[in-house]
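S.K.: Predicted structure and sequence below. I'll ask about it afterward.
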Amino acid sequence: MLQRSALTYGLRLAVLAAALGLWQGLSAAGVIRSDEFPSMSQTATALWDLLTQSALWSAVGETLEGWAFGLVIGVAAALLIGTLIGLNGFAYRSAIGVIEFFKAIPVIAILPIGLVLWGATLTTKYALVAFAVFWPLVIQVCYGVRSLDPVVRDTTTVLQVKGLRKFLMVILPSAAPFIATGLRVAVAVALVVDIVCELFGAGSGIGERILLAENAGPTQYPQMYAYIVAAGLLGIFLAGAFTVAERFVLHWHESQLAAKAVSENQGYSERRRLASVA
Amino acid sequence: MSPNKLTWLRLLGRGATRVWLFVVLFLAWWFWSEGSKSLYFPPLSQILKSVWDQWVTGSARAQLATSLEHLLVGYVIAALAGIGIGALLWSLRYVRDATSPYLYFLYVLPAPVLVPAAMTLFGIGFTMKVVLIAFAAVWPTLLNTLDGMSGVDQVKLDTSRVLGVSALGSVFRVVLPAASPQIVAGLRNSLQVAIILMVVSEWQASSDGIGFYISNAQQSFDYVGMWSSFIVLAIIGIIANLLFVAAENRALHWHYGARVVEGRTR
């Protein structure tokens, strides 16, 4: 087992080295024109320069700020509204069609509305991220709340657990795996929408820096690609952080225990499938 | 009352429950905005009129056609490439192991950041949009195909071998069908990505398409035009979703049937 993983890591490094070498070779041989696509060494140098300066980190910080604000607003609204809808059968049957309808609207469609209402400002960024996060999540919250075990529900009624206490101690834990699935999508969508907003000038961050580097012309292209790589790394970091947090918070839940059993047999595929189908 | 009539009433009640909120929301928007003098919130009647005049019968129809062409070509390429490359990687275990972290990197990379780069490489024409849409939309399908195929029960593979099915035959008869629910999930994800990239690429760099129309409307402070493009994009998304669900139900009919038989509801 150890040998195989050592081999895998060796192969991965070899692939990376080969790809980077090919990139450099094509640039050096003139197949890729340097005024269209910078060489690997130029890009790597630009990335290193950015990493050691504060420029990259302030861009990452601004992007993360928009991501986090929008996410918090969207998640809070989805939890509140999703719970209220999920708790009432009539409300659920009435609203679920409307929610499905809004969920099918492409996120990008509301960008013009955001720009009409708030122009190229931070408010637009927060609002659009929150909107994009809200719909896929609220539907999961509804499902989660409705999946409450009838015995548990009746017990809560008999013990007269009500209001906020009921929400925090009964509903939220029981709906947690559904919410986690929705959140996993929300985390990724929020980053994409956040960066799209920046590309259109609504707030600053990585997207804005990429646009600036592109407008500045070929001398800045290495920086542009360095920021693109940074955006991908940020995506990996956020997805990874979410997985760790989920395992930490939900370690007690049976879906996690099942997922753990599965992942010991088949790696991540089954868990990803559970997430993507749901 | 006859029992027949009772069922009818119940169906009617169920239908009404599903519909009334749509009606209320629509009417609320309609009447609340009707007398609106605000530039930012034009009356809904005016927005819908502009949708009809511009997008259905007017000049923006050409933009709509261009956009849908970009979307269709890019998405079809992404879907075919995703399933094909995914299947290829599934059969080459070492290649799969060696490349998986990089595939994942491209999957989580927020694809709109590639728009400026694609402009420098491919200009602002048809090629750029199709390449960008295909490149961004390929990853969800590819990774889901790979995962779905890796998850196929070994017993099924062994059975087909014992029954004398050739290696290629078992890919088409056993592996692809078994992986299809997940491939469909990937295809749906890819479609959402493709729609986003369609608009962003046209908006940033173009002389045609819905994105170009929006960017024009924004620069000329044509707020009715922006609201109408929102409606058009929403309709595209909803129709695409409906078509997708219909195709999925048809293609995966046997799968849901089988799952019900197994005692698990969907």
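M.R.: Happy to help now that I have it. Numbering: from 1, shown residues only, chains lettered A, B, ... in the order given.
S.K.: Where do the helices of chain B begin and end?
M.R.: For chain B, the helices defined by DSSP state H occupy B:3-34, B:44-50, B:60-91, B:93-108, B:114-122, B:126-150, B:154-162, B:167-170, B:176-204, B:210-219, B:223-251, B:253-261.
S.K.: One more: the stretch 151-278 of chain A?
M.R.: A:163-166, A:172-199, A:206-215, A:221-249, A:254-266, A:269-277 (DSSP state H, counting those that start in this stretch).
S.K.: State the distance from residue A:69 to residue A:62.
M.R.: Separation of residue A:69 from residue A:62 (CB to CB, to the nearest Å) stands at 11 Å. No exception for glycine: its C-beta is placed from N, CA and C like everyone else's.
S.K.: And for residue A:48?
M.R.: 21 Å.
S.K.: Any idea which residue is closest to the centre of the chain?
M.R.: In the absence of a named chain, this looks at chain A. When CA atoms, centre = their mean is applied to chain A, the residue found nearest the centroid is residue A:188 (1.7 Å).
S.K.: Chain B is the one I meant
M.R.: residue B:191 (2.7 Å).
S.K.: what's near enough to touch that one?
M.R.: Residue B:191 makes contact with B:75, B:137, B:240, B:244, according to CB atoms under 8 Å, 6 or more residues apart in numbering or on different chains.
S.K.: Tell me where the model's unsure across chain A.
M.R.: Chain A contains residues with pLDDT under 70 at A:1-4, A:253-278.
S.K.: can you rerun that using 50?
M.R.: The model of chain A has pLDDT under 50 over residues A:1, A:261-278.
S.K.: Just give me the longest helix of it.
M.R.: Taking DSSP H as the criterion, chain A has its longest helix at helix A:54-87.
S.K.: ok, back up a step: right, and the residue nearest to the centre of chain A touches residue A:234 too?
M.R.: No - contact between residue A:188 and residue A:234 fails when scored by CB atoms under 8 Å: they sit 11.2 Å apart.
S.K.: need the helices of the stretch 151-278 of chain A in CSV with distance to chain B, can you?
M.R.: CSV is the format used below for the helices of the stretch 151-278 of chain A (distance: least, CB to the nearest CB, whole Å):
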stretch, distance to chain B
helix A:163-166, 26
helix A:172-199, 4
helix A:206-215, 3
helix A:221-249, 3
helix A:254-266, 7
helix A:269-277, 4
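S.K.: that older thread, who are the packing partners of the longest helix of chain A?
M.R.: Helix A:54-87 sits against helix A:89-104, helix A:122-146, helix A:172-199, helix A:206-215, helix A:221-249, with contacts defined as 3 or more CB pairs under 8 Å, 6 or more residues apart in numbering or on different chains; DSSP states H and E.
S.K.: Report the buried residues of that helix.
M.R.: For helix A:54-87, the neighbour count (16 or more other CB atoms under 10 Å in any protein chain shown) marks A:56, A:59-60, A:62-67, A:69-71, A:73-75, A:77-79, A:81-83, A:85-87 as buried.
S.K.: Stretch B:27-45 now?
M.R.: For stretch B:27-45, using 16+ other CB under 10 Å, the buried residues are B:33, B:41, B:42, B:43, B:44.
S.K.: Then stretch B:201-218?
M.R.: Across stretch B:201-218, burial judged by 16+ other CB under 10 Å covers B:201-206, B:208-218.
S.K.: what subset of the residues you listed is also close to chain A?
M.R.: Filtering those for proximity to chain A (criterion: CB under 8 Å from any CB of the partner chain) leaves B:203, B:204, B:214, B:217, B:218.
S.K.: shaky segments in the stretch 151-266 of chain B?
M.R.: Looking at the stretch 151-266 of chain B by pLDDT under 50, you get B:263-266.
S.K.: Next, the contact list for the residue nearest to the centre of chain A, please.
M.R.: By CB under 8 Å, 6+ apart, the neighbours of residue A:188 are A:235, A:238, A:239, B:108.
S.K.: Any idea which residue of the stretch 151-266 of chain B lies closest to chain A?
M.R.: Using CB to the nearest CB, residue B:233 is the residue of the stretch 151-266 of chain B that sits closest to chain A, at 3.5 Å.
S.K.: Count the neighbours of that residue for me.
M.R.: Around residue B:233 there are 25 other residues, counting by other CB atoms under 10 Å in any protein chain shown.
S.K.: Which positions in the stretch 151-266 of chain B make contact with chain A?
M.R.: Within reach of chain A by CB under 8 Å from any CB, the stretch 151-266 of chain B has these residues: B:151, B:181-182, B:185-186, B:189, B:192, B:195-196, B:199-200, B:203-204, B:214, B:217-218, B:223, B:226-227, B:229-230, B:233-234, B:236-238, B:240-241.
S.K.: Contacts only, for the nearest residue to residue A:236 once chain neighbours are set aside.
M.R.: Nearest residue to residue A:236, sequence neighbours excluded (CB to CB, 6 or more residues apart in numbering or on different chains): residue B:108, at 5.4 Å. Contacts for residue B:108 (CB under 8 Å, 6+ apart) come out as A:188, A:232, A:235, A:236, A:239.
S.K.: What degree of burial does the last one show, as a neighbour count?
M.R.: Counted by other CB under 10 Å, the residues lying close to residue A:239 total 17.
S.K.: burial measure for the nearest residue to residue B:217 once chain neighbours are set aside, as a count.
M.R.: Sequence neighbours aside, residue B:225 is the residue nearest to residue B:217 in space, at 3.4 Å (criterion: CB to CB, 6+ apart). Other residues lying near residue B:225 total 23 when counted by other CB under 10 Å.
S.K.: before we move on, what about residue B:102?
M.R.: Residue B:102: 14 neighbours (other CB under 10 Å).
S.K.: and it, what is it in contact with?
M.R.: So residue B:102 contacts A:15, A:16, A:19 (CB under 8 Å, 6+ apart).
S.K.: Repeat that for residue A:100.
M.R.: Here residue A:100 is in contact with residue A:139 (CB under 8 Å, 6+ apart).
S.K.: cool, residue A:12 as well?
M.R.: B:97, B:98, B:99, B:100, B:101.
S.K.: try it again with 7 Å
M.R.: With contact taken as CB atoms under 7 Å, 6 or more residues apart in numbering or on different chains, residue A:12 is in contact with B:98, B:101.
S.K.: do the same with residue A:63
M.R.: For residue A:63, the contact set (CB under 7 Å, 6+ apart) comprises A:194, A:195, A:198, A:205, A:206.
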